[in-house]
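A.B. asks: Just to be clear, the model below is a prediction. Sequence and coordinates:
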Number of protein chains: 2
Amino acid sequence: MPRSGADLALLLLGGFRSLADAATAELARRGYEDVRPVHDFAMRAITAGADNASELGRRLSVSKQAAAKTIAVLQERGYVARDTDPLDARRKRLQVTALGFEVLRQGESIFDELRDQWERQIGSSELASLETHLATLVGALPVRLDAPGWTAHDLGGPA
Amino acid sequence: MPRSGADLALLLLGGFRSLADAATAELARRGYEDVRPVHDFAMRAITAGADNASELGRRLSVSKQAAAKTIAVLQERGYVARDTDPLDARRKRLQVTALGFEVLRQGESIFDELRDQWERQIGSSELASLETHLATLVGALPVRLDAPGWTAHDLGGPA
DNA sequence: CCTATTTCGACAACCTTGTTGTCTATGACA
DNA sequence: TGTCATAGACAACAAGGTTGTCGAAATAGG
């Protein structure tokens, strides 16, 4: 019976990790071994309009240098491509590749499946109400993934 | 209206960060500037019986070396003390100091206050049900704080 | 009783992800 | 045109974690 504030925090963290770890593991099982949540988030942001390193950094609440490092990894693995912006030669326009979209799509379906599992465990309306309440409490915060490691970390759990 | 699995994950993460960041900031405001959630968790584990580095590592699901580093920090700041075990000269027995307990106590009350705030926002029974459902879904996982940075990270937000 | 294995704690080397600071090129604007 | 802001690259460094190795101490077995 968790009723202390600290337990509540741990519960939330546990919930996230439980989903994220399962998703990462499943993604690896499907052949995308080096994809971490942080890569997914970055690609989403790029798709959503953050088409250069500085902007990506702002959206992810990290420095542009950190964003550039992430981009370098994504580019190296073929998930994003870059070319120079014809309108502003300082910029390198980012684009998610077909392979990148494939990862995004798979990730999405994996998360949806996990959510379905939860729905079956506690009931559809209960989960919906949990989400609604949480959304109320959390508000619209700008994700904040300034996590050295963490979301980008490898799993130790079950393959 | 978040209804995708990925949004649910983000919501949980956001909830945790929201609590953890607020607690860290408040702890800093009260004079404990260098305390991070990971330190709190470690002290709790020590109190709960993990009285040596190897054991602490096991409880926190990190290597004993990582645990030793955390202990070194806690010791340096006076939150834990060490002496040699009379029964096993390999061990250094860990003890949370009075100052450490003070931090623990303050942290607890801060988290409880945050939980009270949430309770006022969505209602007591709603929060209780949220916790119960979450506990069902997450189960009794062994915390897992193997987060390079993250819980130990500094805040960028409001002081 | 002596040896073999295990465990503890320490040290070193290294990885990952983040940060700041600096620099050059380019664009925006008065 | 001259000044200022911004993009991206590079370097140096911090925090936290990992593995590998090693000596010392405990424990198990013959």
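C.D. replies: Happy to help now that I have it. Residues are numbered from 1 along each chain as shown, chains lettered A, B, ... in the order given.

A.B. asks: can you pull the contacts of A:Thr97?
C.D. replies: A:78-81 (C-beta atoms under 8 Å, 6 or more residues apart in numbering or on different chains). Where C-beta positions appear, they are placed from N, C-alpha and C, glycine not excepted.

A.B. asks: and chain A, which residues reach DNA strand D?
C.D. replies: Applying C-beta under 7 Å from any atom of the strand, we find that chain A lies next to DNA strand D at A:52-55, A:64-65, A:68, A:88, A:90-92, A:148-149.

A.B. asks: need these in CSV with pLDDT and neighbour count, can you?
C.D. replies: Shown next, in CSV, are those (pLDDT from 0 to 100; neighbours: other C-beta atoms under 10 Å in any protein chain shown):
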residue, pLDDT, neighbour count
A:Asn52, 95, 20
A:Ala53, 96, 22
A:Ser54, 96, 15
A:Glu55, 96, 17
A:Lys64, 96, 15
A:Gln65, 96, 10
A:Ala68, 96, 16
A:Asp88, 93, 10
A:Arg90, 92, 8
A:Arg91, 94, 17
A:Lys92, 95, 17
A:Pro148, 50, 15
A:Gly149, 50, 15
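
A.B. asks: among these, which two are most distant?
C.D. replies: The largest separation in those, counting by C-beta to C-beta, is between A:Asp88 and A:Gly149 at 33.3 Å.

A.B. asks: just for chain A, where's the confidence low?
C.D. replies: Scanning chain A for pLDDT under 70 picks out A:1-2, A:140-159.

A.B. asks: Figure out the helix or strand that the residue most central in space within chain A lives in.
C.D. replies: Centrality entry for chain A: nearest residue to the mean C-alpha point is A:Phe41, 3.4 Å, by C-alpha atoms, centre = their mean. Assigned by DSSP states H and E, A:Phe41 falls within helix A:37-47.

A.B. asks: gap between that helix and the chain center?
C.D. replies: 6 Å (C-alpha atoms, centre = their mean, to the nearest Å).

A.B. asks: And for stretch A:21-37?
C.D. replies: 12 Å.

A.B. asks: mind listing the helices for chain A?
C.D. replies: With helices called from DSSP state H, chain A shows them at A:5-29, A:37-47, A:53-60, A:64-76, A:98-122, A:124-138.

A.B. asks: Surely the residue nearest to the centre of chain A is in contact with A:Leu60?
C.D. replies: Yes. Using C-beta atoms under 8 Å, A:Phe41 makes contact with A:Leu60 at a distance of 6.8 Å.
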